[in-house]
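Colleague: Pasting the sequence and the predicted model now:
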Amino acid sequence: MTGEAAVLDTKSYTDEMLNWARGQGKILIVVHDNPDPDCLASAMALRHLFVMKLNREATIAFSGIIGRSENLAMAKELEIPLVPMGLLDFGEFSVVCMLDTQPGTGNNSLPPTVKVDILIDHHPIREASRACRWVDIRDDYGVTATILYEYLCAQNVQISTKLATALFYAIKSETQDLGREANKPDREAYLRLFAPSNKKLLYEITHPKLPVEYFLTINTAIENALIYGQLLVTNLGNLCFPEIVAEMADYFLRLEGVEIVLTMGRYSDEMILSLRTTRHDLNAGVLIRKIVEGRGLAGGHGMMAGGKIDNVGAEQEEIREVQELLIARMLAELGLEGVMGIPLGSLKPALQGT
Ligand SMILES: [Mn+2]
């Protein structure tokens with residue numbers, strides 16, 4: 001669904017969905033593990049929709065941690081009420097919503113026995129997702145929060161300053177200010193949300209103080225970076241928080257000559273992976289699923305993807321084995337078999353003006 005048609009369809013779709021939910025009991029909103037701005041803003045928006053249209057509060061549940069300083073600042077400044085999933089009794093809820101992820105993807109902690117009723121996402125649809133009662137998956141959207149923004153518009157619900165700020169920041173960060181995988185609906189939502197969002201709060205969210213671990217991780221990442229033609233691979237070692245893998249992938253994609261980045265790091269017995277590319281002939285989501293096949297779970301979109309390999313112990317040998325397997329598969333997929341990795345630190349450009 002895109003453009004005008006989407007808005008019309010969104011009205012009748014959300015009418016029916018809200019009517020159904022009205023007849024049900026308590027509402028749970030599940031977001032993905034280690035929540036990012038997109039799923040947090042989407043959850044805030046859906047919760048607000050239920051409050052305004054059904055006069056009912058919903059519980060927002062997550063697993064993992066919010067480690068990235070910007071995301072922590074967002075949750076704090078915008079007062080997003082979050083409950084750790086481990087504290088919930090799922091039997092209490094008769095409406096289960098899932099946002100920005102899908103059942104069985106491996107990046108959410110909803111037990112597989114709990115049925116999802118309302119599913120809203122922008123990742124490619126998975127077969128199992130079709131079993132949900134209300135499925136709205138728009139994989140041509142850059143941001144799940146854009147879909148939720150359209151729900152609020154279609155239902156004529158007023159958007160507070162804090163909610164506008166959350167939605168705007170979700171689109172801003174997920175698409176890097178509309179430069180990455182943003183489509184027409186994302187651009188329209190971003191432009192309409194700019195005016196009502198609070199610029200002081202946005203500044204607090206985008207410029208938080210960063211922990212010392214953040215800078216030490218950059219150091220480790222540089223030390224371990226290997227370059228294979230257009231591909232850069234680096235291992236960040238033990239992670240201070242899982243999302244830093246994705247942040248470092250974005251960071252290294254800015255290196256001249258590099259078009260594909262694979263970053264990895266260990267966090268509680270898992271090897272967390274992130275893949276980024278600026279090459280339009282590659283699909284990061286497809287590529288990462290191929291390289292983790294048989295060893296873990298992964299998914300993503302054209303330019304960005306993530307995944308994990310379970311049960312990776314702390315021994316250097318085990319970590320090296322996983323890293324070498326991933327690199328070998330990656331090189332094979334890119335037709336770079338036999339290419340030797342060049343350490344980033346050995347590239348010493350000639351100093352000018354000395
Ligand atoms: Mn998203």
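Modeller: Alright, I've got the coordinates.
Colleague: For stretch 215-228, list the C-alpha coordinates in CSV.
Modeller: C-alpha atoms of stretch 215-228 as CSV (Å, rounded to 0.1, in the frame of the first residue of the first chain):
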residue,chain,number,x,y,z
PHE,A,215,35.4,5.0,22.5
LEU,A,216,37.3,1.9,23.5
THR,A,217,35.1,-0.2,21.2
ILE,A,218,36.0,2.2,18.3
ASN,A,219,39.7,1.5,19.1
THR,A,220,39.2,-2.3,19.1
ALA,A,221,37.2,-2.1,15.9
ILE,A,222,40.0,-0.2,14.2
GLU,A,223,42.6,-2.6,15.5
ASN,A,224,40.7,-5.6,14.2
ALA,A,225,39.5,-4.2,10.9
LEU,A,226,40.4,-6.2,7.8
ILE,A,227,39.8,-5.0,4.3
TYR,A,228,39.0,-7.4,1.4
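Colleague: And it, what's buried?
Modeller: Buried residues in stretch 215-228, counting neighbours by 16 or more other Cβ atoms under 10 Å, are found at 217-218, 220-221, 224-228. C-beta here means a position set from N, CA and C on the backbone, and glycine is covered the same way.
Colleague: In strands, which of the residues you listed fall?
Modeller: 226-228 (DSSP state E).
Colleague: would TSV of the buried residues of stretch 215-228 with distance to the ion and pLDDT be doable?
Modeller: Below are these laid out as TSV (distance: Cβ to the ion, whole Å; pLDDT from 0 to 100):
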residue	distance to the ion	pLDDT
T217	23	97
I218	25	97
T220	27	97
A221	24	98
N224	28	97
A225	27	98
L226	29	98
I227	29	98
Y228	29	97
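Colleague: Spit out the contact partners of the nearest residue to E337 once chain neighbours are set aside.
Modeller: Using Cβ to Cβ, 6 or more residues apart in numbering and skipping the chain neighbours, the partner closest in space to E337 is L331 (5.5 Å). Going by Cβ atoms under 8 Å, 6 or more residues apart in numbering, L331 touches 228, 231, 337-339.
Colleague: between the buried residues of stretch 215-228, which is nearest A314?
Modeller: For the buried residues of stretch 215-228, the closest approach to A314 (Cβ to Cβ) belongs to T220, at 15.6 Å.
Colleague: where's that closest one relative to L262, distance?
Modeller: Distance of T220 to L262, computed by Cβ to Cβ, to the nearest Å: 15 Å.
Colleague: Helix or strand for the single nearest residue of the chain relative to the ion, just tell me which one.
Modeller: In the chain, the residue found nearest to the ion is D38; the distance is 3.6 Å by Cβ to the ion. Assigned by DSSP states H and E, D38 belongs to helix 37-54.
Colleague: Buried residues of that helix, list them for me.
Modeller: Under 16+ other Cβ under 10 Å, the buried positions of helix 37-54 are 37-50, 53-54.
Colleague: Domain boundaries for the protein, per the record?
Modeller: Domains of the chain are assigned by automatic domain parsing as 3-206, 212-344.
Colleague: Please give the centre-to-centre distance between the last one and its chain.
Modeller: Counting by Cα atoms, centre = their mean, to the nearest Å, domain 212-344 is centred 16 Å from the centre of its parent chain.
Colleague: in the stretch 151-300 of the chain, which spans are strands?
Modeller: Assigned by DSSP state E, counting those that start in this stretch, the strands in the stretch 151-300 of the chain fall at 226-228, 231-238, 260-267, 270-277, 296-300.
Colleague: Tell me which of those lies nearest to S160.
Modeller: Nearest to S160, of those and by Cβ to Cβ, is strand 296-300 at 31.7 Å.
Colleague: Listing partners with orientation, what would you give for the closest one?
Modeller: Sheet pairing here is set by DSSP bridges, and for strand 296-300 it gives strand 304-310 (antiparallel).
Colleague: The strand it pairs with and the ion, any residue contact?
Modeller: No - Strand 304-310 stays out of contact with the ion when judged by Cβ under 5 Å from the ion, the minimum separation being 9.5 Å.
Colleague: got any ranges where this protein has weak pLDDT?
Modeller: Applying pLDDT under 70 to the chain flags residues 1-8, 350-354.
Colleague: Tell me the residues of it that contact the ion?
Modeller: Listed as neighbours of the ion in the chain under the rule Cβ under 5 Å from the ion: 38, 100, 144.
Colleague: give me the number of residues near S346?
Modeller: The number of residues packed near S346 is 8, by other Cβ atoms under 10 Å.
Colleague: quick revisit: now distance to G25 too, for the strands of the stretch 151-300 of the chain, in TSV please.
Modeller: TSV is the format used below for the strands of the stretch 151-300 of the chain (distance: least, Cβ to Cβ, whole Å):
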stretch	distance to G25
strand 226-228	54
strand 231-238	43
strand 260-267	36
strand 270-277	35
strand 296-300	31
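Colleague: between the ones you listed, which one is nearest to G106?
Modeller: Nearest of these (Cβ to Cβ): strand 296-300, 3.2 Å.
Colleague: May I have the helix holding D38 as PDB, with CA atoms only?
Modeller: C-alpha atoms of helix 37-54 as PDB (Å, rounded to 0.1, in the frame of the first residue of the first chain):
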ATOM      1  CA  PRO A  37      13.900   4.300  18.000                       C
ATOM      2  CA  ASP A  38      11.600   2.800  15.300                       C
ATOM      3  CA  CYS A  39      10.000   0.200  17.500                       C
ATOM      4  CA  LEU A  40       9.900   2.500  20.500                       C
ATOM      5  CA  ALA A  41       8.100   5.300  18.600                       C
ATOM      6  CA  SER A  42       5.800   2.700  16.900                       C
ATOM      7  CA  ALA A  43       4.800   1.300  20.300                       C
ATOM      8  CA  MET A  44       4.200   4.800  21.800                       C
ATOM      9  CA  ALA A  45       2.000   5.600  18.800                       C
ATOM     10  CA  LEU A  46      -0.100   2.400  19.000                       C
ATOM     11  CA  ARG A  47      -0.500   2.800  22.700                       C
ATOM     12  CA  HIS A  48      -1.700   6.300  22.100                       C
ATOM     13  CA  LEU A  49      -4.200   5.100  19.500                       C
ATOM     14  CA  PHE A  50      -5.700   2.600  21.900                       C
ATOM     15  CA  VAL A  51      -5.900   5.200  24.600                       C
ATOM     16  CA  MET A  52      -7.600   7.800  22.400                       C
ATOM     17  CA  LYS A  53     -10.000   5.400  20.500                       C
ATOM     18  CA  LEU A  54     -10.700   2.700  23.000                       C
END
